[in-house]
Every structure is written in C-alpha cells, then in structure tokens.
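Participant: 3D, please:
(one chain, ligands or ions: 1)
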Amino acid sequence: MNDKRVVLVTGGMGGLGEMICTKMADAGYRVATTYSPSNQSHGDWVAQMEKRGYRILAVPCDVADFDSCAEAAAAVRDRLGDIDILVNNAGITRDVTFKKMEKTSWDAVMRTNLDSLFNMTKQVCDAMSERGWGRIINVSSVNGSKGAFGQTNYSAAKAGVHGFTKALALEVARRGVTVNTISPGYIGTKMVTAIPADILDSKILPQIPVGRLGKPEEVAGLIIYLASDEAAFVTGANIAINGGQHMQ
Ligand code: CAA
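Facilitator: As a prediction, the model looks like this:
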C-alpha cells in the first residue's frame, strides 16, 4: 500500500524534516517536501539526495503564505497524485527573552509555526475526507507544553499546534482521517546545536532524564507509525518524544 501513498513533509531540507523524508522514502512512500523560496541551494540538496538513492520532489513554498501553500500542494498533486499524508514540520526559532523580543520575532514564529498549519492543512484535508483516508501529523515541541526560557513566541505557537490538532481531529474522526501532534524534545539538529553550548550543557541537558539529545531517526520512526494503517485508532493525541523531559 505504501508505494501508492504520497506524503508531503513541509520544511524537509535539513534537520528533522530531511530524516522524515528519507525514512518515509525507505518505507516505500512517494515523498515531496517544501523548501523556502529564498533557499538557493535546493537544487544541490535534490542532487545529493539522488546520489543517496532518494527521489524526493522538492517544491518552493513559504508555509506562512496561504497562496504559496496552495501552489505547492497543487504542484505535488500534479507530479505525484493526491496527498495522503501531510507532515506539518516546517518551523523556526527566534529565541530571545520576552523583555527584548521585537514584534517581528513574535510574528515570524507565529506565522511560520502556527499559521502554516491552517495554510497547508487547508490544501489537503477536504480531499482526504472525501477519499476516506488521511493522516495529518503536526510537529509541536516539548516546549509547547512546558514552556522554555527565551521562547515565549515558540512555546505559544507550539501550544497552539495541539489545540488545532484536537479540534480538527474531532471534525474528521468519522472520515478515516487522523490528526495527531508529536512533541519532540531536544533533538540533535542544527536548531538545537545553535543554542549556546554553555546553556545547552548547564540548563537543558540536565533536564533530560535519558541524559542525551534525541536522534532525528527516533522521531521519524514515530511518524512512520502514525502514518500507517495500524495507527487508525490514534487521533487527537499529543505524543511526547523527549527522553522523559516532559516529566521534569
Ligand atoms: N534557564 C534559566 N536561565 C537561563 C536559561 C534557562 N534555560 N537560558 C538562559 N538563561 C539565563 C542566562 O544564563 C542569562 O543569565 P545571566 O543574566 O545571569 O547571565 C539570562 O538568562 C539571559 O540573558 P540574555 O540577556 O543573554 O538573554 P537573551 O534575551 O539574549 O536570550 C537566550 C538568551 C536566547 C534565551 C539564550 O539563553 C538561549 O538560546 N537559550 C536557549 C533557548 C532554548 O532552549 N531554545 C530551544 C531551541 S531548540 C528548539 O526549540 C527545538 C525544540 O522544539 C525543543
């Protein structure tokens, strides 16, 4: 069945998104991803992927912009067919304490991390319901539930992700479409390694019971499960994958 299903992963060039793309391709899905229109190296990325044996369709998209999402989704449908699985993964940080936070940093994070869910899900959700099968997987964060120093914008957006998940899950539950949130903790990607090393070592790692950063492949494995037929009874859930940090 997988080889007939199409997955669109937003923000798949690098970090968690790239691992999700390659693991989904390994599992037999046809995979598309979006890249930011300002990303000049998208061609190199596609070529590198091809060298590694992955044929991943890459389409330009500003997930903060509704029309751009409409164009990207149409391009995926034209090339690969109907989108069966949407992974709303694209996200940014603009970390700074609230005292110093500019309105532009607030807006950028809310638009990219939260408005994007409306913008992209709107492109696929009705068609999934009509076909009677679909998977919408929204990537939130442990910081959406516990908050994080320097992340009033990001924590607010990521908390909003799960409200969206639960409300939409109710609306489409009878239509074979599941909607779930995953909430990763600190995963060893550029977003996390960009945190000042002393802060990571002294403030963050001690909060992770497992005692290490997560691995992108550990998160991708969870997404593969949620995308499967076996996960049909999981909906409106917020699955923690954070080495136990949510208990701290
Ligand atoms: N807990 C307690 N205190 C902290 C802290 C923390 N987590 N982080 C920073 N502080 C302290 C600093 O040590 C500093 O203390 P002093 O004044 O005593 O020296 C003070 O708070 C901050 O002072 P600054 O003026 O430097 O603050 P700033 O406005 O420039 O912001 C910061 C600094 C951006 C918050 C920086 O500390 C930082 O990057 N922190 C990490 C934020 C974080 O966890 N981001 C997560 C990114 S990964 C991600 O988001 C993925 C995911 O989903 C998990």
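
Participant: mind listing what S155 touches?
Facilitator: Counting by Cβ atoms under 8 Å, 6 or more residues apart in numbering, S155 makes contact with 141, 143-144, 147-148. In this view, the C-beta of every residue, glycine as well, is placed from N, C-alpha and C.

Participant: Counting neighbours, which of those residues comes out on top?
Facilitator: Neighbour count (other Cβ atoms under 10 Å) singles out S141 as the most crowded of the contacts of S155, with 28 neighbours.

Participant: Out of the contacts of S155, which is nearest to the ligand?
Facilitator: S141 (3.1 Å; Cβ to the nearest ligand atom).

Participant: where along this structure do the helices fall?
Facilitator: Ranges of helices within the chain are 15-26, 42-51, 66-80, 103-110, 116-131, 142-146, 152-172, 190-193, 197-199, 216-227, based on DSSP state H.

Participant: so which residue of this structure comes closest to the ligand?
Facilitator: Taking Cβ to the nearest ligand atom, the chain has G150 as its residue nearest the ligand, at 2.4 Å.

Participant: Looks like that residue contacts R94 (just checking).
Facilitator: No: G150 is not in contact with R94 according to Cβ atoms under 8 Å; the separation is 9.5 Å.

Participant: so which of the helices of the chain comes closest to V210?
Facilitator: helix 216-227 (10.3 Å; Cβ to Cβ).

Participant: Can you point out the buried residues in the closest one?
Facilitator: Buried positions in helix 216-227, judged by neighbour count with 16 or more other Cβ atoms under 10 Å: 216, 219-220, 222-224, 226-227.

Participant: cool, and stretch 40-50?
Facilitator: So, applying 16+ other Cβ under 10 Å, buried residues of stretch 40-50: 42, 45-46, 49.

Participant: May I have the phi/psi pair for the residue nearest the centre of the chain?
Facilitator: Using Cα atoms, centre = their mean, the residue of the chain that lies closest to the mean C-alpha position is N89, 1.5 Å off. With angles defined as degrees, to the nearest 10, N89 sits at phi -110, psi -30.

Participant: Around the ligand, pick out the residues from the chain.
Facilitator: Neighbours of the ligand within the chain, by Cβ under 6 Å from any ligand atom: 93, 95-97, 100, 141-143, 148-151, 154, 185-186, 191-192, 195-196, 199, 203-204.

Participant: For G12, give me its contacts.
Facilitator: Residues near G12 by Cβ under 8 Å, 6+ apart: 18, 20-21, 31, 33-35, 56, 58, 89.

Participant: mind checking how far it is from G214?
Facilitator: 18 Å (Cβ to Cβ, to the nearest Å).
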